[in-house]
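> How does the following fold in three dimensions:
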Amino acid sequence: MKFAIINGVRKIAEPKEVGKCICCNNEVRAYCGLERVHHWKHLNAIKCDSWSEGETEWHREWKNYFELSQQEIVKYDPKTGEKHIADVYIEAKNLVIEFQHSPIHFDEIKARESFYRKMIWVIDIKPNKESISFHKDIGDAFEKYIIEPLWNKKIKQISELYKQGKLEDAEALGNDDKEINYFKSIEDKYFPDYFSKSLKAASARNVIRFLEDQKKLNPNIEGYSFSEENMNRQKNFEKEHLNHDYLLMIWKFKHQRWNIAESYLFFDLGDDYIYRSIENIKYGNGLIVKKYSKKLFVNHYKEKVNHQTK
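Numbering: from 1, shown residues only. You can find the predicted model right below:
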């Protein structure tokens, strides 16, 4: 915990201090070592909040983006008497933000969402960085990371059915277009003009190469086609098909537990951005995500609070 109560006031841990837990009101002591963030810990072996976990520098950094009045807020259910400490609570939106660093059980994901009702997850995936990649070139990425492995698996299944003499089942599986239809729906929903722009980009790339070759053969050649204005125009065509709002995120060893989360998921990779999961792709280890700057993400909520208090 970052805060405890001393003489009726919420205080950050400082050396040698003793206070009261903000959740259960039992005594806590300040631990202010060099290797871990300063925090409060119960004097006795009390687990007042079953959802609490050892706080890391990552947790503390995220909490510190928000106002002190928004951090570590005790939420209470008057019907059951259940209490939990929300990492950040945005009163203006009645919204809880939970920062999750360590693995968490399926049941706890559902329990937290049920208790807080309106919440956001921010997940630390920096430890998984080596197995995660982001792709703008959707056509190539889908083919390489999702469709090709999917079809290889399907071919093996069909081959096995043939070996077992199940010819009708093998034929039915080969004619099943549900995967193709699914990926077509993803394309229509998130990248509706990607492939048409991709063809235009390919044409522009060919034009650029042709004009550059002609320029090398005859440096004095002139005309609009060889002008800087036209070359820039063609280069813009070449890049345009990559300018869309969504990315394909491939997480090689994706944690399946997050498939059941119903609240918004934001992934933190340790850079200046945060990646919101828009859709978990049914086949393979892909997600459709949208990229935001952390600064905009935090300011969105801070501005709401400031607006309410003016």
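
> Next one: residue 226 from residue 195, what distance?
For residue 226, the distance to residue 195 (Cβ to Cβ, to the nearest Å) stands at 30 Å. Placement of C-beta: from N, CA and C, glycine included.

> Sorry, wrong one. I was asking about residue 16.
Between residue 16 and residue 195 the computed distance is 65 Å (Cβ to Cβ).

> For those two, indicate the residue with more neighbours.
Residue environment comparison for residue 16 versus residue 195 gives the larger neighbour count to residue 195, 13 against 7, counting by other Cβ atoms under 10 Å.

> List the buried residues in the strand or helix carrying that one.
When secondary structure is defined by DSSP states H and E, residue 195 falls within helix 194-217. Residues of helix 194-217 classed as buried under the neighbour-count rule (16 or more other Cβ atoms under 10 Å) are 194, 197, 198, 201, 204, 207, 208, 211.

> same deal with stretch 184-192?
Taking 16+ other Cβ under 10 Å as the basis for neighbour counts, the residues of stretch 184-192 that come out buried are 186, 187, 190, 191.

> Which member of the residues you listed is positioned nearest residue 246?
Nearest to residue 246 out of the buried residues of stretch 184-192 is residue 190 (Cβ to Cβ; 4.7 Å).

> What ranges does the stretch 101-250 of the chain have for its strands?
In order along the chain, the stretch 101-250 of the chain carries the following strands (DSSP state E, counting those that start in this stretch): 119-124, 132-135, 246-251.

> Any chance of those strands in a markdown table with mean pLDDT as columns?
Compiled in a markdown table, the strands of the stretch 101-250 of the chain are given as follows (pLDDT from 0 to 100):
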| stretch | mean pLDDT |
| --- | --- |
| strand 119-124 | 96 |
| strand 132-135 | 94 |
| strand 246-251 | 93 |
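
> Of those, give the one that comes closest to residue 282.
That would be strand 246-251 among those, by Cβ to Cβ, at 13.8 Å.

> Adjacent strands (with direction) for that closest one?
With DSSP bridges as the test, strand 246-251 is paired with strand 132-135 (antiparallel), strand 286-293 (antiparallel).

> who's in contact with that strand?
125, 128, 131-136, 138, 141-142, 145, 190-191, 267, 275, 277-278, 284-291 (Cβ atoms under 8 Å, 6 or more residues apart in numbering).

> Buried ones from those residues, can you make that a PyMOL selection?
Selection command for PyMOL covering only the buried members of the contacts of strand 246-251, criterion 16+ other Cβ under 10 Å:
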select buried, resi 125+128+132+135+136+138+141+142+145+190+191+267+275+277+278+284+285+286+287+288+289
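
> out of everything not next to it in sequence, what's closest to residue 283?
Among residues not flanking residue 283 along the chain, residue 150 sits closest, at 5.2 Å (Cβ to Cβ, 6 or more residues apart in numbering).

> got it, and residue 56?
With Cβ to Cβ, 6+ apart as the criterion, residue 56 has its nearest non-adjacent residue at 5.4 Å, and that residue is residue 101.

> which residues touch the one you found?
Residue 101 makes contacts with 53, 56, 58, 59, 124, as judged by Cβ under 8 Å, 6+ apart.

> Top of those by number of neighbours, please.
Of all these, residue 59 has the most neighbours under the rule other Cβ under 10 Å, reaching 20 neighbours.

> isn't there a helix covering that residue?
Yes - the assignment for residue 59 by DSSP: H, G, I helix; E, B strand; the rest coil puts it in a helix.

> Alright, I will stop here.
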